[in-house]
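Student: sequence? don't have it. structure:
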Ligand SMILES: O=C(CO)[C@@H](O)[C@H](O)COP(=O)(O)O
Ligand SMILES: [Co+2]
């Protein structure tokens with residue numbers, strides 16, 4: 001069964017101390033670090049790109065989960081691979097040919113993730129995309145900003161995917177916190193991204209442990 005993976009989004013950290021903030025989350029039990037790359041075109045915000053990821057790479061051995069909110073997903077694959085990205089998750093809305101982008105990502109030695117905005121139906125990812133991708137990301141907020149309200153209605157897409165693809169990594173991202181995790185865990189999501197609720201927590205270890213326990217408990221129902 002897919003295991004729980006907790007991925008703090010550094011978008012909510014103190015960027016003046018990125019190295020310390022990233023390693024603080026790893027010490028508190030994070031499995032991955034979620035790095036939100038925004039280009040100011042696909043979303044109305046600009047964050048970081050390959051140069052910052054490259055600087056962070058020697059600071060930690062954590063798996064870098066790169067969430068690419070960019071208008072041209074193929075364009076940045078080589079740069080992110082060279083910077084040390086491990087997962088390259090692009091938005092299906094940004095390309096007419098997601099299968100080619102998945103192949104390109106694999107060719108560069110990274111895992112391939114495919115993200116769906118709240119308004120994108122899950123059918124867009126069924127079939128070839130879900131079968132070739134290593135992970136599907138269900139956005140539970142509109143991409144572009146941290147600290148938004150969780151859209152619970154989006155988790156129905158995670159449930160559809162989990163029922164069809166019992167071994168697929170399914171990530172949820174946006175507004176995940178102690179009071180919203182249950183619906184995502186119950187729907188079968190196993191990769192939990194959280195920014196505000198982890199970087200703002202007095203005890204992030206406790207929150208990470210709670211997320212992990214809830215996901216692992218919920219995943220048991222999918223064992224056939
Ligand atoms: O991709 C995004 C936003 O576009 C996310 O990764 C957010 O950074 C998550 O932040 P919180 O909603 O957990 O504060
Ligand atoms: Co993200």
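Tutor: Ah, there it is. Only a predicted model underlies this, so the values are computations on that prediction, with no experimental measurement involved. Ligands and ions are numbered 1, 2, ... in the order given.
Student: The longest helix along the chain and ligand 1 in contact?
Tutor: Longest helix of the chain, by residue count under DSSP state H: helix 204-219. No - judged by Cβ under 6 Å from any ligand atom, helix 204-219 stays clear of ligand 1, getting no closer than 11.2 Å. For every residue, glycine as well, the C-beta is placed using N, CA and C.
Student: May I see the buried residues of that helix?
Tutor: 204, 207, 208, 211, 212, 214, 215, 218, 219 (16 or more other Cβ atoms under 10 Å).
Student: residues near the closest residue to residue 145 other than its chain neighbours, how many?
Tutor: Nearest non-adjacent residue to residue 145, counting by Cβ to Cβ, 6 or more residues apart in numbering: residue 45, 6.1 Å away. Neighbour count for residue 45, taken as other Cβ atoms under 10 Å: 15.
Student: Am I right that residue 45 is in contact with residue 38?
Tutor: Yes - between residue 45 and residue 38 there is a contact at 4.8 Å, judged by Cβ atoms under 8 Å.
Student: Could you check how far the closest residue to ligand 2 within the chain is from ligand 1?
Tutor: Of all residues in the chain, residue 67 sits closest to ligand 2, at 3.6 Å by Cβ to the ion. To ligand 1, residue 67 is 5 Å away according to Cβ to the nearest ligand atom, to the nearest Å.
Student: With residue 16 instead?
Tutor: If you go by Cβ to the nearest ligand atom, the gap between residue 16 and ligand 1 works out to 18 Å.
Student: Can you report how many residues lie near the closest residue to residue 155 other than its chain neighbours?
Tutor: Leaving out its chain neighbours, the residue that sits closest to residue 155 by Cβ to Cβ, 6+ apart is residue 187, at 4.0 Å. Residue 187 has 22 neighbours, counted by other Cβ under 10 Å.
Student: What segments of the chain are helices?
Tutor: Going by DSSP H, the chain shows helices at 18-27, 50-56, 77-83, 98-107, 128-132, 155-164, 181-186, 196-199, 204-219.
Student: For this structure, what lies in contact range of ligand 2?
Tutor: Within reach of ligand 2 by Cβ under 5 Å from the ion, the chain has these residues: 36, 67, 173.
Student: do that again at 8 Å, thanks
Tutor: Residues of the chain lying close to ligand 2 (Cβ under 8 Å from the ion) are 9, 11, 34, 36, 67, 69, 115, 137, 139, 143, 173-174, 193, 195.
Student: ok, so of those residues, who is nearest residue 57?
Tutor: Ranked by distance to residue 57 (Cβ to Cβ), those are led by residue 34 at 15.0 Å.
Student: just checking, that closest one touches residue 6?
Tutor: No - here residue 34 does not reach residue 6: they are 9.6 Å apart, not a contact under Cβ under 8 Å.
Student: Who has more neighbours out of the two?
Tutor: Between residue 34 and residue 6, counting by other Cβ under 10 Å, residue 34 is the more crowded of the two (29 against 26).
Student: circling back: which of the residues of the chain next to ligand 2 count as buried?
Tutor: Counted by 16+ other Cβ under 10 Å, the residues of the chain next to ligand 2 give 9, 11, 34, 36, 67, 69, 115, 137, 139, 143, 173-174, 193, 195 as buried.
Student: Tell me how far residue 61 lies from residue 23.
Tutor: Residue 61 sits 10 Å away from residue 23, going by Cβ to Cβ, to the nearest Å.
Student: Which one of the two is surrounded by more residues?
Tutor: For residue 61 and residue 23, the more surrounded residue by other Cβ under 10 Å is residue 23, and the numbers stand at 17 against 8.
Student: who's in contact with that one?
Tutor: Neighbour list for residue 23: 59, 60 [criterion: Cβ atoms under 8 Å, 6 or more residues apart in numbering].
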